[in-house]
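K.L.:
here is my input; please provide its structure:
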Amino acid sequence: MMISDFELLAEKVAKLAELTHALRTENASLRNEVVLLTSQNHDMQQRMQQAHSRVSALLAQLPAEIVTDEEAA
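P.N.:
Numbers count the residues shown, from 1 in each chain. Reported below is the predicted structural model:
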């Protein structure tokens, strides 16, 4: 009976080791994905700011009457 208990414990430890390895691999992959998505988010924020600046500059060039009419609508 003792041997089967040890075998069962050994199987559980092996499964735990496999699961730990799989989770560490997944964690590393997710960390890489976070780095990539953070970079992409930063790039998109910069592009949005540039687009906002261009639109603001174009709106500033429009005659005041057109801007006022657009705001009233």
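K.L.:
look up how far L30 lies from the spatially most central residue of the chain.
P.N.:
Here the mean C-alpha position of the chain is nearest to the C-alpha of L37 (CA atoms, centre = their mean), at a distance of 4.0 Å. From L37 across to L30, the span is 10 Å (CB to CB, to the nearest Å). C-beta coordinates here come from the backbone N, C-alpha and C atoms, glycine included.
K.L.:
over to E11?
P.N.:
28 Å.
K.L.:
tell me how far M48 lies from L59.
P.N.:
For M48, the distance to L59 equals 16 Å [CB to CB].
K.L.:
meant to ask about K15
P.N.:
For K15 relative to L59 (CB to CB), the value is 63 Å.
K.L.:
so where does R31 fall, helix or strand?
P.N.:
helix 2-61 (DSSP states H and E).
K.L.:
chain center to stretch 23-32: distance?
P.N.:
Centre-to-centre, stretch 23-32 and its host chain are 14 Å apart (CA atoms, centre = their mean, to the nearest Å).
K.L.:
repeat that for stretch 27-34.
P.N.:
Distance of stretch 27-34 from its chain centroid, counting by CA atoms, centre = their mean, is 10 Å.
K.L.:
got it, and stretch 8-19?
P.N.:
How far stretch 8-19 lies from its chain's middle: 33 Å, per CA atoms, centre = their mean.
K.L.:
use 626 as the first number from now on
P.N.:
Okay, residue one is now 626; in that scheme the one you just asked about reads as stretch 633-644.
K.L.:
A653: neighbouring residues, count only.
P.N.:
A count of nearby residues for A653, using other CB atoms under 10 Å, gives 10.
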